[in-house]
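K.L.:
task: produce atomic coordinates for the following.
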Amino acid sequence: MGCGTVSHGALLAAAPFAGPRPRVLALSPPPSTPAIQIHNRFYSISQLPLPKAQGKGRCEASLASNYTNTSEFADLDWESLGFGLVETDYMYIAKCGPDGNFDKGGMVPFGPIAMNPSSGVLNYGQGLFEGLKAYRKSDGSILLFRPLENATRMQTGAERMCMPAPPVEQFVDAVKQTVLANKRWVPPTGKGSLYIRPLLVGSGAVLGLAPAPEYTFIIFASPVGNYFKEGLAPINLIVEDKFHRATPGGTGGVKTIGNYASVLMAQKIAKEKGYSDVLYLDAVHKKYLEEVSSCNIFVVKGNVISTPAIKGTILPGITRKSIIDVALSKGFQVEERLVSVDELLDADEVFCTGTAVVVSPVGSITYQGKRIEYAGNQGVGAVSQQLYTSLTSLQMGQEEDSMGWTVQLN
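P.N.:
Numbers count the residues shown, from 1 in each chain. From the prediction side, this is the model:
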């Protein structure tokens, strides 16, 4: 089967550093093998779990040698970092069989995976993903933002999709391992973040419609900059009243992979017309705001911030939840309710939230041919700016975390 086979007909860890990779500046090896701390335990780098290589050639490099011969930072143009995949060094893999229990998993070199063509995820879309970020503080330490929330949201989604989920402790520990193994790819302070992508997929083979007999939990990471090319600048949305992202009783409230494929057509049409993204309405009345393709929506009027209530068709965003708490702490009144599309006409500000975008101010919304523009400091409203500054300062460790949301990795 080649190198790094994990289990029957499911997953194959590819050669280390598959594909083109930015040049790495080599340093002299330190006098002893370095150690890192994972989940309150210290490991020599060479002791980190790595599936044994089978075959020859590509998998002979050890985890220890790849760590000791690299610089503190990857050789990357951090000033030009966008939101796209940059291949890093390692990914985490754990397996779950018919008993519903995940093995302890471990780190393998980042690379392609092989999967049975009859796997549940390829045939029936039985898969979930999460997204969270790690930030580098000015003292060099690294912060994770609310990983427990991602772990519990994956469990909720897994139940809806008839999948076992890794325990919360294993999820969080695996995220820590992945970040520490790819530490040199965490951008310098203020230059971006390390985006972490946990995946849970039905990797076991099925032919008839049924839950897969085997599941794979994967985590990979990539350094990223701004999601929208505008950065913290106003984006332009168009309200979609033909296509719908989710319907009552469906899977719109969990982070299943199929939710995102279904928005690609409307998003493509919108971008061809010059819009940044699409704002969706509810599928029943076609008048209430739901969310943007990959982020939640907020409407500001005076001291009141309104956002659509979570009722099964809207993803319970972790940044959404955080912004609500930050806004309340700043004295704003926050309402989670049905928000009519007509309220956009009278709003002072509109902004989006999400792990990728953090907070993104909306400069204009077009609905049925009518364009509504929102004023502000270069298009960025005062409320959007205040909430963005407060949340990112907390995420990056620039102010005290009174909320208890960040997890520091040493």
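K.L.:
give me the nearest residue to residue 217, chain neighbours excluded.
P.N.:
residue 94 (4.5 Å; C-beta to C-beta, 6 or more residues apart in numbering). Where C-beta positions appear, they are placed from N, C-alpha and C, glycine not excepted.
K.L.:
so what's the residue count around the one you found?
P.N.:
21 (other C-beta atoms under 10 Å).
K.L.:
could you say which helix or strand contains it?
P.N.:
strand 90-96 (DSSP states H and E).
K.L.:
and that strand, average pLDDT?
P.N.:
In this model, strand 90-96 has an average pLDDT of 98.
K.L.:
okay, the helix or strand following it in CSV with CA atoms only?
P.N.:
With elements assigned by DSSP H and E, the helix or strand that comes after strand 90-96 is strand 106-109. C-alpha atoms of strand 106-109 as CSV (Å, rounded to 0.1, in the frame of the first residue of the first chain):
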residue,chain,number,x,y,z
GLY,A,106,-1.0,10.7,16.2
MET,A,107,1.0,13.0,13.9
VAL,A,108,1.9,12.0,10.4
PRO,A,109,3.6,14.0,7.6
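K.L.:
show me what strand 106-109 packs onto, helices and strands only.
P.N.:
strand 90-96, helix 168-181 (3 or more C-beta pairs under 8 Å, 6 or more residues apart in numbering; DSSP states H and E).
K.L.:
and the helices in the stretch 301-410 of the chain, which stretches?
P.N.:
Counting by DSSP state H, counting those that start in this stretch, the stretch 301-410 of the chain has helices at residues 318-329, 382-395.
K.L.:
would TSV of those with distance to residue 216 and mean pLDDT be doable?
P.N.:
Converted to TSV, these look like this (distance: least, C-beta to C-beta, whole Å; pLDDT from 0 to 100):
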stretch	distance to residue 216	mean pLDDT
helix 318-329	23	98
helix 382-395	29	95
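K.L.:
residues contacting stretch 134-148, please?
P.N.:
With contacts defined as C-beta atoms under 8 Å, 6 or more residues apart in numbering, stretch 134-148 is touched by 132-133, 168, 171-172, 175-176, 179-180, 183, 186-189, 193-194, 196, 221, 318, 322, 395-398, 405-410.
K.L.:
mind redoing it with 6 Å?
P.N.:
If you take C-beta atoms under 6 Å, 6 or more residues apart in numbering as the criterion, stretch 134-148 is touched by 132-133, 172, 175, 179, 186, 189, 193-194, 318, 395-397, 405-409.
K.L.:
ok, residue 314 to residue 113 distance?
P.N.:
Residue 314 sits 31 Å away from residue 113, going by C-beta to C-beta, to the nearest Å.
K.L.:
more neighbours, these two?
P.N.:
More crowded of residue 314 and residue 113, by other C-beta under 10 Å: residue 314, with 23 against 19.
K.L.:
so what's that one scoring on pLDDT?
P.N.:
Residue 314 is given a pLDDT of 96.
K.L.:
now swap in residue 252 and tell me
P.N.:
95.
K.L.:
tally of neighbours for residue 371?
P.N.:
Neighbours around residue 371, by other C-beta under 10 Å: 10.
K.L.:
got a list of what the nearest residue to it once chain neighbours are set aside touches?
P.N.:
The shortest distance from residue 371 to any non-neighbouring residue, by C-beta to C-beta, 6+ apart, is to residue 364 (5.6 Å). Residue 364 makes contacts with 236, 371, 373, as judged by C-beta under 6 Å, 6+ apart.
K.L.:
filter the residues you listed down to the ones in strands?
P.N.:
Among the contacts of residue 364, the members falling in strands (DSSP state E) are 236, 371, 373.
K.L.:
which of the residues you listed lies closest to residue 341?
P.N.:
residue 371 (13.9 Å; C-beta to C-beta).
K.L.:
what about the closest one, distance to residue 238?
P.N.:
9 Å.
K.L.:
mind listing what's buried in stretch 325-345?
P.N.:
Using 16 or more other C-beta atoms under 10 Å as the test for burial, stretch 325-345 gives 326, 327, 332, 339, 341, 344.
K.L.:
let me fix that: stretch 309-319
P.N.:
For stretch 309-319, burial by neighbour count (16+ other C-beta under 10 Å) applies to 313, 314, 315, 317, 318, 319.
K.L.:
now the residues you listed in JSON lines, with distance to residue 262?
P.N.:
As requested, the buried residues of stretch 309-319 are arranged in JSON lines below (distance: C-beta to C-beta, whole Å):
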{"residue": "313", "distance to residue 262": "12"}
{"residue": "314", "distance to residue 262": "14"}
{"residue": "315", "distance to residue 262": "13"}
{"residue": "317", "distance to residue 262": "18"}
{"residue": "318", "distance to residue 262": "22"}
{"residue": "319", "distance to residue 262": "22"}
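K.L.:
of those residues, closest to residue 163?
P.N.:
residue 315 (17.2 Å).
K.L.:
OK, contacts around residue 211?
P.N.:
By C-beta under 6 Å, 6+ apart, the contact list for residue 211 reads residue 162.
K.L.:
C-alpha coordinates for stretch 155-169, CSV please?
P.N.:
Extracted as CSV, the C-alpha positions of stretch 155-169 are listed here (Å, rounded to 0.1, in the frame of the first residue of the first chain):
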residue,chain,number,x,y,z
GLN,A,155,-20.2,16.2,18.8
THR,A,156,-23.6,17.9,18.2
GLY,A,157,-23.0,17.6,14.4
ALA,A,158,-21.9,14.0,14.6
GLU,A,159,-25.0,13.0,16.4
ARG,A,160,-27.1,14.6,13.6
MET,A,161,-25.1,12.8,11.0
CYS,A,162,-25.1,9.4,12.7
MET,A,163,-21.4,9.5,13.4
PRO,A,164,-19.3,8.9,16.5
ALA,A,165,-17.2,11.9,17.5
PRO,A,166,-13.9,12.0,19.3
PRO,A,167,-14.2,12.9,23.1
VAL,A,168,-13.8,16.5,23.9
GLU,A,169,-10.5,15.9,25.6
